[in-house]
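K.L.:
Provided below for reference: sequence and predicted model.
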Protein chains: 2
Amino acid sequence: MVTEQKTADVSFDSLLRIFTVPEGPDSTLTQIEDKLSRNLNQFLREHIVAEEKPLREIEKDFSNAHIPEQPEFVSEHTEHLLDSLVSHSVHTSSPSFIGHMTSALPYFLMPLSKIMIALNQNLVKIETSKAFTPLERQVLGMLHRLIYQDNDQFYSRWMHSANHSLGAFCSGGTIANITALWVARNNALKAQGSFKGVEKEGLFKAMKHYDYEGLAILVSERGHYSLKKAADVLGIGQEGLVSVKTDNNNRICTDDLRLKIDQLKQNKIKPFAVIGVAGTTETGNIDPLREIAEVCAESDCHFHVDAAWGGATLMSNNHRHLLDGIELADSVTIDAHKQLYIPMGAGMVLFKKPDAMTAIEHHAQYILRKGSKDLGSHTLEGSRSGMAMLVYASMHIISRPGYELLIDQSINKARYFADLIKEQSDFELVSEPELCLLTYRYLPESVKAALLKAGAQQRVELNELLNELTKFIQKKQRETGKSFVSRTRLNPEAWSHQPIIVFRVVLANPLTGNEILTSVLEEQREIAKLAPNLMSKINKLVTQINA
Amino acid sequence: MVTEQKTADVSFDSLLRIFTVPEGPDSTLTQIEDKLSRNLNQFLREHIVAEEKPLREIEKDFSNAHIPEQPEFVSEHTEHLLDSLVSHSVHTSSPSFIGHMTSALPYFLMPLSKIMIALNQNLVKIETSKAFTPLERQVLGMLHRLIYQDNDQFYSRWMHSANHSLGAFCSGGTIANITALWVARNNALKAQGSFKGVEKEGLFKAMKHYDYEGLAILVSERGHYSLKKAADVLGIGQEGLVSVKTDNNNRICTDDLRLKIDQLKQNKIKPFAVIGVAGTTETGNIDPLREIAEVCAESDCHFHVDAAWGGATLMSNNHRHLLDGIELADSVTIDAHKQLYIPMGAGMVLFKKPDAMTAIEHHAQYILRKGSKDLGSHTLEGSRSGMAMLVYASMHIISRPGYELLIDQSINKARYFADLIKEQSDFELVSEPELCLLTYRYLPESVKAALLKAGAQQRVELNELLNELTKFIQKKQRETGKSFVSRTRLNPEAWSHQPIIVFRVVLANPLTGNEILTSVLEEQREIAKLAPNLMSKINKLVTQINA
């Protein structure tokens, strides 16, 4: 990358310059930054290539494991990043990128992020974060109040209390869920008599002390994949994550939940936590939280709500009733980098009781001393950045009613899209939107008629062919680069719980207009025509069925 | 914050604007950003108040748990952030902030960070990160090669292999260490016969299958506090983290390590991992890694090196010998946000063998499908930002020889400061620098003489008074705001292993000049005079000892 004429040099003076002298106003990097600041979408449209380059090709640019022996000029390296990295990154903020939960960001967050990074605070302790510590505690307090709606006295008593914590800020929902289950596990196996608690003596001794044969966490079969990781890392084992049946709307069946809990107890397995999902990752449905709370109260389980996605819905007075009962949860996960429109890396877990996190509190000599307000004594992570500042700023600049509008419009848009799909003769809506997620597939009328008419075996065969078709369309549409929907596998009752591959759509981006939704369907219909072999197999089977 | 004349409104159109219209060139936020870009240090000097405001006072600005019902204008909120947050944040990049591992950042990282945040990639999967995935794999490859120095063939075979992983990028050293120990635990308790492995069946059944009474991780008494968290969260229990004696230089005694391992085995406790520390947090010392590797090989233990701090030293050909034997480790933690000068939130764990992480691999339906190259199938965290881009850029712009200079100058500076302390008659160097960390305390000559002369009881009393004095000086110096050193507690052999409070200094900031070191000592000497009561108690005891 270094030109023949000029070579970046390695000397202590030149190194000091990179710490003290900013990029000049005419430098490539400053110009790029300016362009990005002036019009991010134009910048991304210009720099991200639409058509997909095969990953193997991209990998060639990132195949050298040697750390360079020769420095590069900032401007040259920036050009290199534009050509090889930015151009082949994903335009996650594009209005037609509706396949995942990553959406557009408010503009003001870009310069604020730069300030945050320049300040380079470390929130593990007050000595490296000072005002950022009370700020983060306030943000946790705001989210706590959004969920639990305790009174002002509650927050003035606990929000800044050194030995208490209303929750933990963390890198994302996975760590938030692990933290909640860690607390739940430690509280379920706490010190008793001569037993010093699972945190001291470990799981094996805890099980012997409490005379359990195993531990279990219960969640619906739509629970997030990361819960398996949580069960693994916490020593419970993936088999200890017990899957509970869901109804037609992907919501947990509390009858089955009760049944499973009874079965576990009969086998001397302690069900210590039940997770209610508030916004399943695949379909956006919400479990009946109030009913789960009842079951948890009956059976002495920690009630955790994974609202990583749906938690933002609490901002809308028009829709918060969808999460009715969340205030009964012992803990709740919310990701601010999802529908609170914060950049990647802003997860939170909130606990109903200010002393719940005592179960995982820890101290050291040089920081996190007892009685200090260092945030690090109640987090799984250690060093952490000042991301909470971005949540704080957005809460103030957008405000609750602003978030309400964003949430409401996203749900309305999903309903609009669901209606649009239902109007088409060649598409099938597979899951109705409850939040702004829905799933569907391409299903021509004649094929649908045949499916309904087919015997069990033929129906399975036909659905398998349709699954291939859905995969083909989704992949092709992604590669073409005009728009992006994701795909997943569901087991809808309508098709006798057979695995059905579906398109999955998340309509969180406020810039996604109705015309984009129409064109996504049109494009899919056109792509289907590009699979003549598959279509002829489908049509042949349809003919057989009709014969 | 909203003025009486103008009020920010809540309408969908105004919300769309924050997603589409950037801050204007004259806006407060743009102006602040410009100032920061032109001269970060001046910006911080102007905006961060030097003298410390009591935390209780700062908390008053962050005491409202209500999410605002009224939006604020971006400019007004920015002013508010400057006044209440930035002004009371910590100037971590100040050359006289030498108490913690957070240092100055190269300038080019600020605009690059903004690009990274604007791109808002999610590295859990290729569909939301594309070229960032091979980029992160390359960064892991570079760090792997820095440690293990495998040949090009090795990296071209494994670096981009879908079912392998040379490591994991994560938010910081704590998650990196937990990931390494998670892998180690799962490999130690893997599937065997009818037992399906700890990841499936959990710790209790694993212990019964393998007929162990407990599990243990061994680390020197100078190991990082987060390892206790790791032992807790992994179900091993804090008591399973066995502390091994250190020598005069804070390095693990391998004799004691062998002894402890034998004792554990006799008690049917499985020692499954030994952690070598490469750069202890408190003193910067490095364990004899080669010797530990030998012990691990003898006793079938996973050998993990916590080089969160010291790993960057490998960049220096002049000092990498200090970490001799690190290439024998099964896994290594390195924090790029420490001495690789990356903003907060860039931890990494590297594994010697490309298939080690299979022990924690996981999949899902809608992402992380088997055979995909999605990074999320080998990470504890889920959604993650594109931080790896900043490491990549720094590797290219600074290059290895540039990092070498940064490392070398920091170590030389620490040696200079150690000599300077030794020249003073009223200071005691408590730990010699091996990397760029050292510890010392204020100890007037007459007091030192008395200490050496005193009987056991009087020596303890005198050291306790000195501990009070060190705490007083450290706190006062921090509050005054001119410079900052941290403090910790050591048990030096010189004082019969009595707990001694010391000043702790980290000299990573390349902008810290020798004159700052001189003035830090002068200031501490002056502050000591502000504690006449304590000094008179000390002098009284000295007189008694001399009597």
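P.N.:
Nice, thanks for sending it over.

K.L.:
Now for the residue lying closest to A:Q138 once chain neighbours are set aside: which residues touch it?
P.N.:
The shortest distance from A:Q138 to any residue that is not its chain neighbour, by CB to CB, 6 or more residues apart in numbering or on different chains, is 4.0 Å, and that residue is B:F62. All C-beta spots, glycine's among them, are computed from the backbone N, C-alpha and C. Contact analysis of B:F62 by CB atoms under 8 Å, 6 or more residues apart in numbering or on different chains lists A:A131, A:P134, A:L135, A:R137, A:Q138, A:H160, B:S84.

K.L.:
make it 7 Å
P.N.:
For B:F62, the set of contacting residues under the criterion of CB atoms under 7 Å, 6 or more residues apart in numbering or on different chains consists of A:P134, A:L135, A:R137, A:Q138.

K.L.:
phi, psi of the residue lying closest to the first one once chain neighbours are set aside?
P.N.:
By the measure of CB to CB, 6+ apart, the closest residue to A:P134 outside its immediate chain neighbours is B:F62, 3.9 Å from it. Dihedral angles phi and psi of B:F62 (degrees, to the nearest 10) take the values phi -130, psi 50.

K.L.:
mean confidence for stretch A:195-209?
P.N.:
Averaging pLDDT along stretch A:195-209 yields 98.

K.L.:
So which bits of that stretch are buried?
P.N.:
For stretch A:195-209, a neighbour-count test (16 or more other CB atoms under 10 Å in any protein chain shown) marks A:195-207, A:209 as buried.

K.L.:
Quick one: mark the members of the residues you listed that sit in helices.
P.N.:
Within these, residues falling in helices by DSSP state H are A:V198, A:E199, A:K200, A:E201, A:G202, A:L203, A:F204, A:K205, A:A206, A:M207, A:H209.

K.L.:
Can you lay out those as TSV showing distance to chain B?
P.N.:
What follows is these, written out as TSV (distance: CB to the nearest CB, whole Å):
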residue	distance to chain B
A:V198	7
A:E199	5
A:K200	5
A:E201	5
A:G202	3
A:L203	4
A:F204	5
A:K205	7
A:A206	8
A:M207	5
A:H209	12
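
K.L.:
With distance to A:P71 as new columns, can those be given to me in TSV?
P.N.:
TSV is the format used below for those (distance: CB to CB, whole Å):
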residue	distance to A:P71
A:V198	51
A:E199	47
A:K200	50
A:E201	52
A:G202	49
A:L203	50
A:F204	53
A:K205	55
A:A206	54
A:M207	56
A:H209	59
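
K.L.:
returning to what we had before: nearest to A:R17, of the buried residues of stretch A:195-209?
P.N.:
Nearest to A:R17, judged by CB to CB, of the buried residues of stretch A:195-209 is A:E199 at 48.9 Å.

K.L.:
which residues sit in contact with the closest one?
P.N.:
Counting by CB under 7 Å, 6+ apart, A:E199 makes contact with A:N186, A:A359, B:D232, B:G237, B:Q238.

K.L.:
thinking the last one is in contact with A:K200, fair?
P.N.:
So that's B:Q238. Yes - contact criterion CB atoms under 7 Å: B:Q238 and A:K200 qualify, at 5.2 Å.

K.L.:
where does A:E526 sit relative to chain B, distance-wise?
P.N.:
Between A:E526 and chain B the computed distance is 21 Å (CB to the nearest CB, to the nearest Å).

K.L.:
Buried ones in the strand or helix carrying that residue, by neighbour count?
P.N.:
Taking DSSP states H and E as the criterion, the element that holds A:E526 is helix A:514-528. For helix A:514-528, the neighbour count (16+ other CB under 10 Å) marks A:I516, A:L517, A:V520, A:L521, A:E523, A:Q524, A:I527, A:A528 as buried.

K.L.:
Backbone dihedrals for A:M142, please?
P.N.:
phi -60, psi -40.

K.L.:
any idea where the strands of chain A begin and end?
P.N.:
For chain A, the strands identified by DSSP state E occupy A:167-170, A:214-220, A:241-244, A:269-277, A:302-306, A:331-335, A:347-351, A:427-431, A:437-442, A:486-490, A:500-506, in order along the chain.

K.L.:
Quick check: which of the ones you listed is nearest to chain B?
P.N.:
Proximity to chain B, assessed across these by CB to the nearest CB, is greatest for strand A:486-490 (3.6 Å).

K.L.:
Alpha carbons of the closest one, in PDB - could you do that?
P.N.:
Output for strand A:486-490, consisting of C-alpha atoms alone and laid out as PDB, is shown next (Å, rounded to 0.1, in the frame of the first residue of the first chain):
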ATOM      1  CA  SER A 486     -33.500 -13.400   6.400                       C
ATOM      2  CA  ARG A 487     -34.900 -16.900   6.700                       C
ATOM      3  CA  THR A 488     -35.600 -19.300   9.500                       C
ATOM      4  CA  ARG A 489     -37.300 -22.600  10.100                       C
ATOM      5  CA  LEU A 490     -40.700 -22.900  11.900                       C
END
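
K.L.:
what pLDDT, on average, does it get?
P.N.:
Mean per-residue pLDDT for strand A:486-490: 94.

K.L.:
Run through the residues that contact A:D34.
P.N.:
The contact partners of A:D34, taken as CB under 7 Å, 6+ apart, number zero.

K.L.:
Can you list the buried residues in stretch A:458-470?
P.N.:
Neighbour-count burial for stretch A:458-470 [16+ other CB under 10 Å]: A:Q458, A:R459, A:E461, A:L462, A:N463, A:L465, A:L466, A:N467, A:E468, A:L469, A:T470.
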